[in-house]
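Engineer: Test case, fold it:
(one chain, ligands or ions: 1)
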Amino acid sequence: MNKTTIKIKGMSCGHCKMAVEKALKANDCVVKAEVDLKKEQALVEYKDCLDSIESLEKAVEDAGYEVV
Ligand SMILES: [Cu+2]
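Structural biologist: Numbering: from 1, shown residues only. This is a model prediction of the structure:
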């Protein structure tokens, strides 16, 4: 499985955590998305079918958060 960490700014509570995880999991190639609020990042596990990391970052931004 492929893994990546996305640094995200603007997450402050459990709702933000859920919103970001939901946005990432909306991609069928994402197997697991786990936000760590303290570290301000999301750990994502994805299959080879993912077109690009940028599409994950875009999903986070579309949900209203800033990728750093
Ligand atoms: Cu929040």
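Engineer: near the ion, which residues of this protein show up?
Structural biologist: Proximity of the chain to the ion, by Cβ under 5 Å from the ion, involves residues S12, C13, H15, C16. Quick note: C-beta positions are derived from backbone N, CA and C, even for glycine.
Engineer: From E34, how far out is the first one?
Structural biologist: From S12 across to E34, the span is 17 Å (Cβ to Cβ, to the nearest Å).
Engineer: Just the buried residues of the top helix by length along the chain, please?
Structural biologist: If you go by DSSP state H, the chain has its longest helix at helix 14-25. For helix 14-25, a neighbour-count test (16 or more other Cβ atoms under 10 Å) marks C16, K17, A19, V20, E21, A23, L24 as buried.
Engineer: And for the following helix or strand past it, what's in contact with it?
Structural biologist: Per DSSP states H and E, the first helix or strand lying C-terminal to helix 14-25 is strand 30-36. The list of residues contacting strand 30-36 from outside it, by Cβ atoms under 8 Å, 6 or more residues apart in numbering, reads 1, 8, 11, 16-17, 20-21, 24-25, 41-47, 50, 56.
Engineer: at 6 Å what do you get?
Structural biologist: Under the contact criterion Cβ atoms under 6 Å, 6 or more residues apart in numbering, strand 30-36 has outside partners K17, V20, E21, L24, K25, A42, L43, V44, E45, Y46.
Engineer: got the CA positions of it in CSV?
Structural biologist: Output in CSV follows, covering the C-alpha atoms of strand 30-36 (Å, rounded to 0.1, in the frame of the first residue of the first chain):
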residue,chain,number,x,y,z
VAL,A,30,-8.1,6.0,-0.9
VAL,A,31,-8.1,3.1,1.5
LYS,A,32,-7.5,5.0,4.7
ALA,A,33,-7.4,8.6,5.8
GLU,A,34,-6.5,9.5,9.3
VAL,A,35,-6.2,13.1,10.6
ASP,A,36,-4.0,14.0,13.5
